[in-house]
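In: sequence below, structure please.
(chains A and B)
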Number of protein chains: 2
Amino acid sequence: MINFESYNPTKIIFGRGAQKEVGAKLKEYTNKVLFHYGGGSIKKSGLYDEVIASLKAAGIEYVELGGVQPNPRLSLVHEGIKICRENNIKFILAVGGGSVIDSSKAIAAGVEYQGDVWDFFMGKAQLKSALPLATILTIPAAGSESSNSMVITNEETSMKLGHRTNLIRPKFSILNPEFCFTLPKEQAAYGVCDMMAHIFERYFTNTKNTELTDKLCEATLKTIINNAPKIMENPKDYDAWAEIMWAGNIAHNGLLGTGRQEDWASHGIEHAVSAVYDIAHGEGLAIVFPAWMKYVYTQNIALFAQFAVNVWGASDPFTDAQTLALKGIKMTETFFKSLGLPTRLSQINVKKEDIALMAAKATTFGPLGFFKKLEDKDIVAIYNLAF
Amino acid sequence: MINFESYNPTKIIFGRGAQKEVGAKLKEYTNKVLFHYGGGSIKKSGLYDEVIASLKAAGIEYVELGGVQPNPRLSLVHEGIKICRENNIKFILAVGGGSVIDSSKAIAAGVEYQGDVWDFFMGKAQLKSALPLATILTIPAAGSESSNSMVITNEETSMKLGHRTNLIRPKFSILNPEFCFTLPKEQAAYGVCDMMAHIFERYFTNTKNTELTDKLCEATLKTIINNAPKIMENPKDYDAWAEIMWAGNIAHNGLLGTGRQEDWASHGIEHAVSAVYDIAHGEGLAIVFPAWMKYVYTQNIALFAQFAVNVWGASDPFTDAQTLALKGIKMTETFFKSLGLPTRLSQINVKKEDIALMAAKATTFGPLGFFKKLEDKDIVAIYNLAF
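Out: Numbering: from 1, shown residues only, chains lettered A, B, ... in the order given. Modelled structure (predicted):
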């Protein structure tokens, strides 16, 4: 185990009807918010009306900004910053999935900064303060509802970049599994893949003596794997959604990475794909992760064999570790397929000639990953394995 | 899963040398602290000198109050409150184990309250504010370094009572497994039992659909069970201590109880024993928990069978659930014995005629527990099973 700091001050309010508390909870912090959301889904589901009613009941003023798209855009972040400045708004309420929350975090980061908020993503400036924010989560996936990270796409430069700081952890997040009942099946599948990927990024490490966090990662992965088929089968299965929604939070709230060196190469490799092709992040991860695993597993065959046995239940006393390791990777890929996810770049119409461009984007700031350090040529090889 | 709120804002600073940061970290909050500790162990280990040096380097004034005993006493809490008031101290630094931290929490709760701090434990008053505190943990056991609870013994009335509120969660806690190297073996064993008990209190529940937290409980218990023999064998095994120390925190930071109705009868049953006999809490739990399990397991045989299989690795395809359940309980008891812990009241010289008195104390505020509600007569039966 390596030395670490662990800090996650976001209060989670979880369960049926939890959204009804939003106005009263916000009142502890503010009298005025930017109410930030995505497309029409929260209006169709009735959540929009519930939020407005709760804000009004608590006497909280609000200015609305909808229109967040998947792979949230820098231009809308700029608009949000402008609105907050013009209206003297000091608190952001995000209602939606990871994209809405990340967009809100970027707005929160930008309002009090004199330069362009994109500076933080480019590593040109250090974030010193951010507006507080709260969230109502409608898509379990990104874990952004309590994480320290945000990912924004600069549509002018086709760059999708992340930034991490404890300053953007929400004050509170409301998670009601009932919100998931109306999620399109593919969204549900993307979310499942995204949260599994967050655990993979932490699980595959060169750090030794990580028994507790290994086991916690395995426990969370197994729960996701057991419950994902249930929500695909019956989208109104509250109990299964509750497991998935809570697992999605735990996957990315920091706990599972404590004392371990995390990897994060696959996220970078995926971001380059979705920056160029505007696919969903979870979709890209279903393609990238099995290919990454195939490329790197020889780095620690025992760990990949452990993954196969403890997560996937693969076991055969007469089999060697390498065979087990490969079986685990195969089972991962098969599982993603069973959720209806693509597992090849060719399935999402990526052009082979764009591989070099994507690899160059992925390594803009240098090689990726810690489990195995990946240079441009390695990433090209992974894209080819994923083709 | 039942609705829940989860909140744990304590920053954990974990690893080798972490104590060196204490002065600098405190400086973010205060210029003056009450430095609260126990007996001579931190002086012998050199930690006392390190803390003083770090406080001085950061320019932090301090007033010392040592002398916290196991089952921390109300009288010393009163003394701490007086010192804080007289010296205008607004921040407590606890350096020690759960007793020192609980004593610090009670001081933090009492300084700004006009009445007697014992009122909070008796349920006579509602805590509205508390001084902030930080800890350097030297005994992994109670989980008090980030929990919302404190337990104090009123030596005048021989009552040992707990109180829970988010207001007493420390701002930060420093955990360095090296501090554990010099712990007496029995202290290490008490700690292991205490953290396991914290998980048991959450694991045995009537709440249905708790797959994720079941698995997280099992993961944490298995890690403790795998590493406890290593620290007993080699008290300087950093890696094993790191697993134990982090597991002890996770056991009681709130995560493992999310979405579940917790029980807490056994803690109440133990508190009555250690209030009368002044034994260590972990020692009492090793006696009480197996007896409690024997008394209540028929409430949910399937859950106890799951416990036997998933935690203890008990399995026999030709065995029924009841046999498995009993095997798990037996293995728990055997494990405690293997750590050198007593598992019978008679071993710690409890007098049989005190059972009625202890049961009456345990039920001062009514029946105990939620897995199975226990009246006075049930608790007498459990004490008898433990005899």
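
In: can you pull up the most central residue in chain A?
Out: Note on chain A: the residue nearest the mean C-alpha position is residue A:142, at 2.3 Å, using C-alpha atoms, centre = their mean.

In: ok, that one touching residue A:98?
Out: Yes - the pair residue A:142 / residue A:98 is scored as a contact, 2.5 Å apart, by C-beta atoms under 8 Å. Quick note: C-beta positions are derived from backbone N, CA and C, even for glycine.

In: for the residue nearest to residue A:1 when sequence neighbours are not counted, give me the pLDDT.
Out: Of all residues beyond its chain neighbours, the one nearest residue A:1 is residue A:259 (3.7 Å), with distances taken as C-beta to C-beta, 6 or more residues apart in numbering or on different chains. At residue A:259 the predicted local confidence, pLDDT, stands at 98.

In: check residue A:6 too.
Out: On the pLDDT scale, residue A:6 gets 97.

In: same deal with residue A:39?
Out: At residue A:39 the predicted local distance difference test score is 88.

In: can you count the residues close to residue A:27?
Out: A count of neighbours around residue A:27, defined by other C-beta atoms under 10 Å in any protein chain shown, yields 14.

In: how about it, nearest residue that isn't a chain neighbour?
Out: Sequence neighbours aside, residue A:58 is the residue nearest to residue A:27 in space, at 4.7 Å (criterion: C-beta to C-beta, 6+ apart).

In: residues of chain A that sit close to chain B?
Out: Residues of chain A found near chain B (C-beta under 8 Å from any C-beta of the partner chain) are A:1-9, A:11-18, A:208-209, A:211-212, A:215-216, A:218-220, A:222-223, A:226-227, A:239, A:242-243, A:246-247, A:250, A:255, A:258-259.

In: so where does residue A:12 fall, helix or strand?
Out: strand A:4-14 (DSSP states H and E).

In: buried sites along whichever helix or strand comes after that strand?
Out: Under the assignment DSSP H and E, the closest C-terminal helix or strand after strand A:4-14 is helix A:22-27. Along helix A:22-27, these residues count as buried under the neighbour rule (16 or more other C-beta atoms under 10 Å in any protein chain shown): A:22-23, A:25-26.

In: now the two most distant members of those residues.
Out: Using C-beta to C-beta, the buried residues of helix A:22-27 reach their maximum pairwise distance at A:23 and A:25, which is 7.4 Å.

In: helix, strand or coil: sort out the residue lying farthest from the centre of chain A for me.
Out: When distances to the mean C-alpha position of chain A are computed (C-alpha atoms, centre = their mean), the maximum falls on residue A:318, with 38.2 Å. At residue A:318, secondary structure determined by DSSP: H, G, I helix; E, B strand; the rest coil is coil.

In: bridge partners for residue A:173, pull those for me.
Out: Legend: beta-bridge partners of residue A:173 under DSSP bridges are residue A:12, residue A:135.

In: what about it, neighbour count?
Out: Using other C-beta under 10 Å, residue A:173 has 24 other residues around it.

In: got it, and residue A:90?
Out: Counted with other C-beta under 10 Å, the neighbours of residue A:90 add up to 17.

In: so how far is residue A:34 from it?
Out: Note on residue A:90: its distance to residue A:34, by C-beta to C-beta, to the nearest Å, is 9 Å.

In: wait, residue A:31 sits on residue A:62?
Out: No - applying C-beta under 8 Å, one finds residue A:31 not in contact with residue A:62, separated by 10.0 Å.

In: compare those two and say which is more crowded by neighbours.
Out: Neighbours were counted for residue A:31 and for residue A:62 using other C-beta under 10 Å; residue A:62 has more, 20 against 12.

In: pLDDT on whichever strand or helix holds that one, on average?
Out: Applying DSSP H and E as the criterion places residue A:62 in strand A:61-65. With pLDDT averaged residue by residue, strand A:61-65 scores 98.

In: same check on stretch A:359-371?
Out: 96.

In: so which bits of that stretch are buried?
Out: Neighbour counts over stretch A:359-371 (16+ other C-beta under 10 Å) mark A:359, A:361-363, A:367-371 as buried.

In: relative to residue B:177, how far out is the closest residue to residue A:145 other than its chain neighbours?
Out: Closest residue to residue A:145 in three dimensions, ignoring its sequence neighbours and counting by C-beta to C-beta, 6+ apart: residue A:173, at 3.8 Å. Taking C-beta to C-beta as the criterion, residue A:173 is separated from residue B:177 by 32 Å.

In: ditto for residue A:281
Out: As defined by C-beta to C-beta, residue A:281 lies at a distance of 37 Å from residue B:177.

In: before we move on, the earlier item: list the residues that are in contact with both of residue A:90 and residue A:34.
Out: Shared contacts of residue A:90 and residue A:34, defined by C-beta atoms under 8 Å, 6 or more residues apart in numbering or on different chains, comprise residue A:84.

In: on that earlier part again, and the residues of chain A next to chain B, which are buried?
Out: Of the residues of chain A next to chain B, these count as buried by 16+ other C-beta under 10 Å: A:1-2, A:4, A:6, A:8-9, A:11-15, A:18, A:209, A:211-212, A:215-216, A:218-220, A:222-223, A:226-227, A:239, A:242-243, A:246-247, A:250, A:255, A:258-259.

In: wait, what's in contact with the residue nearest to residue A:27?
Out: Shown here is residue A:58, whose contacts under the criterion C-beta under 8 Å, 6+ apart are A:23-24, A:26-27.

In: would you map the strands across the stretch 51-200 of chain A?
Out: Using DSSP state E, counting those that start in this stretch, the strands of the stretch 51-200 of chain A run over A:61-65, A:92-96, A:133-137, A:149-154, A:159-164, A:172-175.

In: how about the helices of the stretch 1-150 of chain A, start to end?
Out: A:22-27, A:41-45, A:47-58, A:74-87, A:98-110, A:118-121 (DSSP state H, counting those that start in this stretch).
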